[in-house]
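Visitor: Pasted the sequence and its predicted model underneath.
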Amino acid sequence: MFKNLLKSIQGSAPAPAPTPAPAQAPAPAAAGAHVEAQALIAQGNAAEDAGQLAQARGLYERAVALAPALPSAHLNLGIALEALGDAEAARARYVQVLALEPGHPFGAYNLGKLEFTQGRLREAETLLRRAIAGKGDFHQAWVLLSNVLDALGNLQGAADAIAQALRLQPDYAGALFNQASLLRRLGRMDECEAAAARAAALDPDNADYLSAHSAALVTQGFAAEALAQLQRAIALAPARFDLRSKELFLLNLVEGVSVEEVWERHRQLGAQLESVVKARTHGTPDAARQRLRLGFVSGEMRTHPVALFLLPVLERLDRRRYEVTCYASNAQKDAITQRLQSLSGHWVDAAGWKDDRLEQRMVADGIDILVDLDGHTSQVRLAVFATKPAPVQVAWIGYLNTTGLTRMDFRLTDARCDPPAVSQAMHTERLLYLPHSQWCFRPFLEVPLAPAAPCERNGFVTFGSLNNVVKLTEPMARRWGRILQALPDARLVVAGIASEKKRDALLRAIVEGGGSAERVRFAPRTDLEGYYRLMDDIDIALDSYPYGGGTTTFDALWMGVPVLAVSGPLPASRSAASILQALALDAWIAPEIAAYEEQAIARARDVAALADLRRTLRERLRRSPLMDEPAFVAAFQDALERAWRERAAAGAAA
């Protein structure tokens, strides 16, 4: 994950002398050659330091010729050859080092590094363990071993190795950077954030370390703090599109950021990207074309909400009209990936691809309509869309806001989430409206409903928070506290908080709002069935703000749990409200955040209505347009047809 070690390690370490034969001292001539070879090595080191690699290689070659039994001569020659791009010649030198001295730690390390870069992971692991055995304080070898074990899928082993490196070198910022990544994937969120914070503190001018700390804070659930760290990284690297794209996502999550600022930042970044990325030109689209090539682009073609909403579309699209290609950037693959692939006419596994390679493939595929499913989330591919690889480009589902690109022609949405008079002025795309909803819900699991509402058996109302941890703000938790204060018998369940630090922050805010800590329960993260079954204990789900729920709103409704939502200033602030409106549940929508607490208290006090709604909510959802897959896909296709005809008409007029 960070720069491999070359001469900076080996050249500075004393070169082990070859072991003499037990009863025979070196001949004077050999000793002289040895001294001369060492002098050549020193000259080669100086040439490398001056950037004169070819000269250094020549000096090392002379050292090898003078003293072929001297491991350090072969080692330094190998390092120079590798730096010059001749990996196979370097390999031969490292092999010779180990032939002369099998326990040579630097020979084993360098050969192990080479094996790693060439994908021979088991061989690399063996060599690195040999290097560590030969040099007890070899922290760099522990770091590289961690990378190897990570590549082998042994996350715990990788974490153990990086921890050992840090025991030897506690202030190794690069190792802390790696450790944060490993701990995040192991679900150890607080340790992950601590490691990332220390790396950033040790090297505060490193934008990558600051960005990693921001990402750790996001995973932990602290959006405002993550935004502050990310903005420090952007100040150091203002030209980095990836950092500024992450900033746009976070702006949607922080309460108090104005909708005008969010819009302007999106517009600015889109304009700057389009100013440095040349767009392809396309001929006038043929409105009478019988079959269109349709592409979907995402880094979430796996068990993920984006994939869940894409499935019905791929299953029901008219294949006489559309030839479908999916461009999947996700490295993680599962049964949903396989299902999506089976439904695609063509599947491009673009994990690890650079943007230019992906763009060239799309152009070669002759895509007519290209649909982005991620926006400023996941593995952002908007730089590809900025090159305009397809004549018609559409954003849908994964990011509830503008991309900021004028070259993204349309964004698919609905009039509840994006009222035309409110949203169109805040979009570079033209909003293309689906008649009922931008979503069509299909539950991940078919699970039976509980026979009764929890309030009927408990005698009190239980609220629940089900949204992603990064959507849960402390201002919102204080509102929960005030709701609990007004309803002395009520309870609150908060689901899926892996970070103890985040749990403490939320609980502190609830208590500040007037709630009692004894009436709050944090439910641990669980599998999908456990998540659904948790809703058997919840009477009312409390939506998040300013970034509301999508899939979690559907999940709660499917399990008979009404959701209290807000109609806020951003598209993401109106997501849950738009779903509730489609079900004629307007009484469950606070018109603004100031009315949220009053609305929650009123709904909780009508226990009879709660119990009745629970018994009818699933069937109401099932019979609504929100689960009518044939009608939704027909409307989806009609929207694409409108987009195609508009571009054809615009091209003809031009």
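Guide: Right, received. Where do you want to start?

Visitor: May I see the buried residues of stretch 402-418?
Guide: By neighbour count on 16 or more other C-beta atoms under 10 Å, the buried set for stretch 402-418 is 402-405, 407-418. Every C-beta, even on glycine, is put in place using the N, C-alpha and C of the backbone.

Visitor: give me the number of residues near G187?
Guide: By the criterion of other C-beta atoms under 10 Å, G187 has 12 neighbours.

Visitor: Nearest the geometric middle of this structure, what residue?
Guide: Ranked by distance to the mean C-alpha position of the chain (C-alpha atoms, centre = their mean), the top residue is S378 at 4.5 Å.

Visitor: Would you mind listing the residues in contact with that residue?
Guide: For S378, the contact set (C-beta atoms under 8 Å, 6 or more residues apart in numbering) comprises 298-300, 306, 329, 398.

Visitor: quick one: secondary structure of it?
Guide: Reduced to three states with DSSP: H, G, I helix; E, B strand; the rest coil, the structure at S378 is coil.

Visitor: Which strand or helix spans M362?
Guide: Counting by DSSP states H and E, the secondary-structure element that holds M362 is helix 355-365.

Visitor: What residues of that helix count as buried?
Guide: Buried residues in helix 355-365, counted by 16+ other C-beta under 10 Å: 355, 358-359, 361-362, 365.

Visitor: pretty sure R614 is touching V561, no?
Guide: Yes: in this structure, R614 is within contact of V561 by C-beta atoms under 8 Å, at 7.2 Å.

Visitor: coming back round to it: on contacts alone, who are the packing partners of the helix holding M362?
Guide: strand 292-298, strand 322-328, strand 346-349, helix 382-386 (3 or more C-beta pairs under 8 Å, 6 or more residues apart in numbering; DSSP states H and E).

Visitor: So for the helix or strand hosting V313, mean pLDDT?
Guide: Per DSSP H and E, V313 falls inside helix 305-316. Taken as a whole, helix 305-316 carries a mean pLDDT of 96.

Visitor: got a list of contacts for that helix?
Guide: Where contact means C-beta under 8 Å, 6+ apart, the residues beyond helix 305-316 that reach it are 296, 298, 300-301, 324, 326, 336-337, 339-340, 343-344, 373-374, 378, 397-398, 439-442, 444, 550-551, 629-630, 632-633, 636.

Visitor: Which helix or which strand is home to F522?
Guide: Element membership for F522, per DSSP H and E: strand 520-523.

Visitor: Check the offset of stretch 411-424 from the chain's centre.
Guide: A distance of 27 Å separates the C-alpha centroid of stretch 411-424 from that of its chain, computed with C-alpha atoms, centre = their mean, to the nearest Å.

Visitor: now swap in stretch 113-124 and tell me
Guide: The answer for stretch 113-124 is 27 Å, by C-alpha atoms, centre = their mean.

Visitor: how long is it end to end?
Guide: For stretch 113-124, the first and last residues are 7 Å from each other (C-alpha to C-alpha, to the nearest Å).

Visitor: tell me the mean pLDDT over it?
Guide: The pLDDT scores in stretch 113-124 average 96.

Visitor: Stretch 432-452 too?
Guide: Averaging pLDDT along stretch 432-452 gives 92.

Visitor: Please apply the same query to stretch 588-598.
Guide: 96.

Visitor: list the buried ones in it?
Guide: Within stretch 588-598, the residues that count as buried by 16+ other C-beta under 10 Å are 588-590, 593, 596-597.

Visitor: next one: stretch 603-621
Guide: 603-604, 607, 610, 613-614, 617-618, 621.

Visitor: residues making contact with that stretch?
Guide: Under the contact criterion C-beta under 8 Å, 6+ apart, stretch 603-621 has outside partners 441, 449, 452-453, 455-456, 461, 463, 483, 487, 490, 539-540, 554, 557-562, 564, 583, 587-588, 627.

Visitor: Just the ones of those in strands?
Guide: Among the contacts of stretch 603-621, the members falling in strands are 463, 540, 564 (criterion: DSSP state E).

Visitor: Now for the residue nearest to the first one when sequence neighbours are not counted: which residues touch it?
Guide: Right, the one you point to is F463. Distance criterion C-beta to C-beta, 6 or more residues apart in numbering; nearest residue to F463, sequence neighbours excluded, is L492 at 4.8 Å. For L492, the set of contacting residues under the criterion of C-beta under 8 Å, 6+ apart consists of 462-465, 480, 484, 510, 515, 519-521, 542.

Visitor: Which members of the buried residues of stretch 402-418 are the farthest-apart pair?
Guide: Maximum pairwise distance in those, criterion C-beta to C-beta, is 27.1 Å, between R407 and R416.

Visitor: Turn the buried residues of helix 355-365 into JSON lines, columns for distance to A163.
Guide: Below are the buried residues of helix 355-365 laid out as JSON lines (distance: C-beta to C-beta, whole Å):
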{"residue": "D355", "distance to A163": "35"}
{"residue": "L358", "distance to A163": "37"}
{"residue": "E359", "distance to A163": "41"}
{"residue": "R361", "distance to A163": "41"}
{"residue": "M362", "distance to A163": "43"}
{"residue": "D365", "distance to A163": "46"}
